[in-house]
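Peer 1: Here is a sequence together with a model predicted from it:
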Amino acid sequence: MIEAPKGMEKRVEDCITGLRHGEIEGLVRDAVRAGIAPDRLMGAMLKGLEGLQEKYLYRAIGTPELFVGAMMVEKGIKALLESSGSERPKPLGRVVLGTMGSPHEGGRYLVKIALEVSGFDVCDIGGNRLPRDFIHAAKEVGADIVAVSCMVVYAIPLLKELIEALKSEGIKAKTLVGGAVMDAGLARDLGFDAYGKDMMEAASIAKALMEASGGTGSR
Ligand code: B12
């Protein structure tokens, strides 16, 4: 019997919130075969990730489970792209993402997956990055958004340098920052367009930044 599309989307979502990591690829492939549109499946995986974030906030799960969930979504996206071929949804925008001045990568990974499952193309430039690395990547990919993870206080002056360098290079990409030592006030004082406290905010704020600039970033 062919399952109703809504039922399959819910199963994908529940698979992620239930952390049943062995099932995600098969479920996504079955859903594609059943004719569910890629953007609906991405939406189902995003809901799954949202569900995990909620559990995390209520301390029902810890950080390791969040990473398992993100890895499941990464596998799900890969299975979706492999099995849906040319039907790939048009990206919402291009994001350059990196960690400024330190090697921390956990938060950046979660942010990357949340952005990807929300429909963004993400160019992850890694950790221990300097302003010039962001500038180089933003020019190379034509970034709509430059997103920075800032995990240590000694990277804060580099954030200021980055904002100045983006201006002087005439790069009009929107800027988003987050990480353990950041908050909204500091982000504003440094000249960032937005601050996000976690991966889900990173995704929703990136969408809002794109909408505010008419869907094309500010390039
Ligand atoms: C794990 C860890 C490490 C690991 C990193 C391993 C790795 N491969 O990533 C290691 C051991 C390498 C490390 C090293 C150091 N660390 Co460290 N580390 C941590 C720790 C314990 C956890 C970080 C983590 O993964 N959190 C889990 C993830 C999920 O959370 P998160 O990263 O905060 O990300 C979330 C949000 O912040 C947000 N977010 C993150 N990035 C972005 C980006 C955007 C755009 C948006 C919107 C949102 C967003 O969304 C994420 C999830 O939803 C933190 C303590 C802490 N509680 O944060 C210290 C911490 C960040 N480290 C710290 C320090 C000082 C260091 C060292 C400098 C220590 C030293 N003296 O050597 C070195 C760095 C050395 C160097 N070479 O530069 C300090 C920074 C304090 C400060 N005031 O500067 C912290 C806060 C610990 C502390 N309380 O002192 N560290």
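Peer 2: Yes, it's here. Residues are numbered from 1 along each chain as shown.

Peer 1: By residue count, what's the longest strand in this protein?
Peer 2: strand 121-129 (DSSP state E).

Peer 1: how near is the residue most central in space within the chain to residue 203?
Peer 2: Centroid-nearest residue in the chain, with CA atoms, centre = their mean: residue 115, separated by 2.1 Å. Distance of residue 115 to residue 203, computed by CB to CB, to the nearest Å: 6 Å. Just so you know, the C-beta spots here come from the backbone N, C-alpha and C atoms, and that holds for glycine as well.

Peer 1: in a strand, that's where residue 96 is, yeah?
Peer 2: Yes. Counting by DSSP: H, G, I helix; E, B strand; the rest coil, residue 96 is found in a strand.

Peer 1: roughly how far apart are it and residue 65?
Peer 2: 28 Å.

Peer 1: So for these two, which residue has more residues nearby?
Peer 2: residue 96 (28 against 14; other CB atoms under 10 Å).

Peer 1: Just the pLDDT at the more buried one, thanks.
Peer 2: Looking at residue 96, its pLDDT reads 98.

Peer 1: Settle this for me: it is touching residue 146, isn't it.
Peer 2: Yes. Look at residue 96 against residue 146 with CB atoms under 8 Å: they come within range, at 5.1 Å.

Peer 1: joint contacts of those two?
Peer 2: 134, 138, 173 (CB atoms under 8 Å, 6 or more residues apart in numbering).

Peer 1: Let's have those residues in TSV, adding pLDDT and secondary structure.
Peer 2: Converted to TSV, these look like this (pLDDT from 0 to 100; DSSP: H, G, I helix; E, B strand; the rest coil):
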residue	pLDDT	secondary structure
134	98	helix
138	98	helix
173	97	coil
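
Peer 1: which stretches of the protein form strands?
Peer 2: According to DSSP E, the strands that the chain contains are 94-100, 121-129, 145-149, 174-178, 194-195.

Peer 1: Briefly note if the third one comes near the ligand.
Peer 2: Yes. For a cut-off given as CB under 6 Å from any ligand atom, strand 145-149 has contacts with the ligand, namely 147-149.

Peer 1: List the pairing partners of that strand within its sheet, with orientation.
Peer 2: strand 94-100 (parallel), strand 174-178 (parallel) (DSSP bridges).

Peer 1: Quick one, which of the ones you listed gets closest to residue 166.
Peer 2: Residue 166 sits nearest to strand 174-178 of all the strands paired with strand 145-149, at 6.9 Å, using CB to CB.

Peer 1: Next, the residues that contact the closest one from outside, please.
Peer 2: Taking CB under 8 Å, 6+ apart as the rule, strand 174-178 contacts 107, 111, 144-150, 159, 162-163, 166, 187, 190-198, 201-202, 205-206, 209-210, 213, 217-218.

Peer 1: what distance separates the longest helix seen in the chain from the centre of its chain?
Peer 2: Criterion DSSP state H: the longest helix present in the chain is helix 63-84. Computed by CA atoms, centre = their mean, to the nearest Å, the chain-centroid distance of helix 63-84 equals 12 Å.

Peer 1: And it, what does it pack against?
Peer 2: helix 5-17, helix 24-33, helix 38-57, helix 106-117 (3 or more CB pairs under 8 Å, 6 or more residues apart in numbering; DSSP states H and E).
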